[in-house]
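S.K.: Sequence below, structure please.
(one chain, ligands or ions: 2)
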Amino acid sequence: MCKSSSIHQFLHELPKCEHHLHIEGSLSPNLLFRLASVNKVSLPDPSSDPSFESPEALTSRYERFTSLDDFLHYYFIGMSVLITASDFESLAYEYFARAHADGVQHAEVFFDPQAHTQRGIAYTTVVSGLTAAQKRAEKDFGITSKFILCFLRHLSATDAEVTYQEAVALGHFSDGTIAGIGLDSSEVGFPPEIFREIYASAKQAGIRRTAHAGEEGDASYVQRSLDICHTERIDHGIRLVEDEALVKRIAKDRTLITMCPLSNVRLRCVSKVADLPIRRFLDEGVRFSINSDDPAYFGGYILDNYCAVQEAFGLSIKEWKYIADGAIEGSWCDDERKKVLLQKVEACVAKYE
Ligand SMILES: Nc1ncnc2[nH]cnc12
Ligand SMILES: [Zn+2]
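M.R.: Ligands and ions are numbered 1, 2, ... in the order given. Below is the predicted model of the structure:
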């Protein structure tokens, strides 16, 4: 919630694109406990980790993450309760409904297939649940969406290749089921070039490419994602400001940075939202979007992130228009959809200017 109710109303109505949302990160503690019980999945014993005593205890543990790896420990345990296609469908449909309520018009959603196939859940089970939700959400809410298949960087390139080839063999990249690839999980010590061959193959095949970089890793992770993996976007990217030439290059190339303010605070990448390089990005012409990352873990969905930015930086309507337009331009939807979304932003801004 913003202090000013009129700016809050404006931010609520502003047409949004979300580009950095891990669907497994939208699993709330309540749903996690419910699915564990329905699917008979055992969670860690509360005598070894009291956070698993109740959904409330887990929620309060989520307020005390110490790092990306500390969060990932809970993230991977959490998603172990997802078993059937219908579990994935319910999870994704709930996300789309929540995003729609926050003013999201277009969402590009990450998923982590290796985290599921590793524990015996078929890749096709995951994808059929997600795509069923996608179709229902477009029909029910008019929200358009894309899926981005992420590779877990703490696993080997060979492991990633198996998943990539499964998606290729099923025609999922060529038929539009999946729009692009991404790279997530522990960053430091797992540089993007480990996955250079998959990224080269994706580029050759016209598959869209992004990667988490510059979240905990330094600016060289961003630079190597661009130069070696030819990524078209950068997820997080907050540490790119350590390299002024890189900031200028990203501004010139209009490379979209998908920022996640509440995530960066929860994972202690910065101590407060005001420490994020938002003012610098605006001043230097860097295009960026504002996103929720793992909303069930980080205490807020997309509108909460917009409000946190507003409270920290006191942006003008004109600056919000720049952000909203940049988010549309950096989306992977077709030009026709972009045109419609740009017009919606224009109409919203005209109402509040
Ligand atoms: N913020 C994040 N960074 C890296 N990997 C992730 N997986 C889910 N959220 C993530
Ligand atoms: Zn992320």
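
S.K.: what sits against the residue in the stretch 1-150 of the chain positioned nearest to ligand 1?
M.R.: Residue nearest to ligand 1 within the stretch 1-150 of the chain: His22 (4.2 Å; C-beta to the nearest ligand atom). C-beta here means a position set from N, CA and C on the backbone, and glycine is covered the same way. Residues in contact with His22, defined by C-beta atoms under 8 Å, 6 or more residues apart in numbering, are Tyr75, Val109, Phe110, Phe111, Asp112, Cys150, Asp184, Asp293, Asp294.

S.K.: Pull out the buried residues from the least confident helix or strand in the chain by mean pLDDT.
M.R.: One helix or strand of the chain scores below all others by mean pLDDT, DSSP states H and E: helix 5-13, with a mean of 94. Neighbour counts over helix 5-13 (16 or more other C-beta atoms under 10 Å) mark Ile7, His8, Phe10, Leu11, His12 as buried.

S.K.: Isn't the last one up against His100?
M.R.: No. Look at His12 against His100 with C-beta atoms under 8 Å: they stay out of range, at 11.9 Å.

S.K.: Quick one: list the elements packing against the helix or strand hosting Thr158.
M.R.: Using DSSP states H and E, Thr158 maps to helix 157-169. When contacts are defined as 3 or more C-beta pairs under 8 Å, 6 or more residues apart in numbering; DSSP states H and E, helix 157-169 packs onto helix 113-117, helix 123-141, strand 144-152, helix 196-204.

S.K.: And the longest one, what's buried?
M.R.: Same thing as helix 123-141. 123, 125-134, 137, 141.

S.K.: thinking again about what came up before, tell me the two of the contacts of His22 that are most distant?
M.R.: Tyr75 and Val109 (15.5 Å; C-beta to C-beta).

S.K.: quick one, what contacts Cys307?
M.R.: Met1, Cys2, His8, Leu11.

S.K.: now whichever strand or helix holds Val247: how far from the chain's centre is it?
M.R.: Using DSSP H and E, Val247 falls within helix 244-253. Mean C-alpha position of helix 244-253 versus that of the full chain (C-alpha atoms, centre = their mean, to the nearest Å) differs by 22 Å.

S.K.: going on from it, what's the next piece of helix or strand?
M.R.: Criterion used, DSSP H and E; the element after helix 244-253 is strand 256-259.

S.K.: That next one packs against which elements?
M.R.: strand 16-22, strand 233-236, strand 288-290, helix 317-329.

S.K.: can you pull the contacts of Phe173?
M.R.: By C-beta under 8 Å, 6+ apart, the neighbours of Phe173 are Ala167, Ala202, Ala205, Ile207.

S.K.: Drop anything exposed from these.
M.R.: Of these, these count as buried by 16+ other C-beta under 10 Å: Ala167, Ala202, Ile207.

S.K.: Now Leu31. Nearest residue, chain neighbours left out?
M.R.: Residue nearest to Leu31 in three dimensions, not counting chain neighbours: Leu91, with 7.3 Å by C-beta to C-beta, 6 or more residues apart in numbering.

S.K.: nope, Ile207 is what I meant
M.R.: Closest residue to Ile207 apart from its sequence neighbours, by C-beta to C-beta, 6+ apart: Phe173 at 5.0 Å.

S.K.: Now this structure against ligand 1: closest residue?
M.R.: Asp184 (3.5 Å).

S.K.: was I right about that residue contacting Phe110?
M.R.: Yes. When contacts are counted by C-beta under 8 Å, Asp184 is listed as touching Phe110 (6.7 Å).

S.K.: who touches both of those two?
M.R.: The contact lists of Asp184 and Phe110 share His22, Cys150, where a contact means C-beta under 8 Å, 6+ apart.

S.K.: hmm, back to that, which of the contacts of His22 fall within strands?
M.R.: Val109, Phe110, Phe111, Cys150, Asp184 (DSSP state E).

S.K.: residues in contact with the fourth one?
M.R.: Looking back up the chat, that one is Cys150. So Cys150 contacts His22, Phe110, Phe111, Asp112, Ile181, Gly182, Leu183, Asp184 (C-beta under 8 Å, 6+ apart).

S.K.: Try it again at 10 Å.
M.R.: 22, 24, 110-115, 160, 163, 180-185, 210-212, 235 (C-beta atoms under 10 Å, 6 or more residues apart in numbering).

S.K.: between the helix or strand harbouring Tyr306 and helix 5-13, how big is the angle?
M.R.: Element membership for Tyr306 (DSSP H and E) is helix 302-313. For helix 302-313 against helix 5-13, the angle by axes from the mean of the first three to the mean of the last three C-alpha atoms, to 10 degrees is 140 degrees.

S.K.: what about helix 302-313, average pLDDT?
M.R.: Averaging pLDDT along helix 302-313 yields 98.

S.K.: Ramachandran coordinates for Ile181?
M.R.: phi -120, psi 150 (degrees, to the nearest 10).

S.K.: That one against Ala167, yeah?
M.R.: Yes. Counting by C-beta atoms under 10 Å, Ile181 touches Ala167, with 8.8 Å between them.

S.K.: which residues are common contacts for these two?
M.R.: Leu149, Phe173, Ile207.

S.K.: Please produce CSV containing these, extended by distance to ligand 1 and pLDDT.
M.R.: Output for the shared contacts of Ile181 and Ala167, formatted as CSV (distance: C-beta to the nearest ligand atom, whole Å; pLDDT from 0 to 100):
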residue, distance to ligand 1, pLDDT
Leu149, 13, 99
Phe173, 21, 98
Ile207, 20, 98
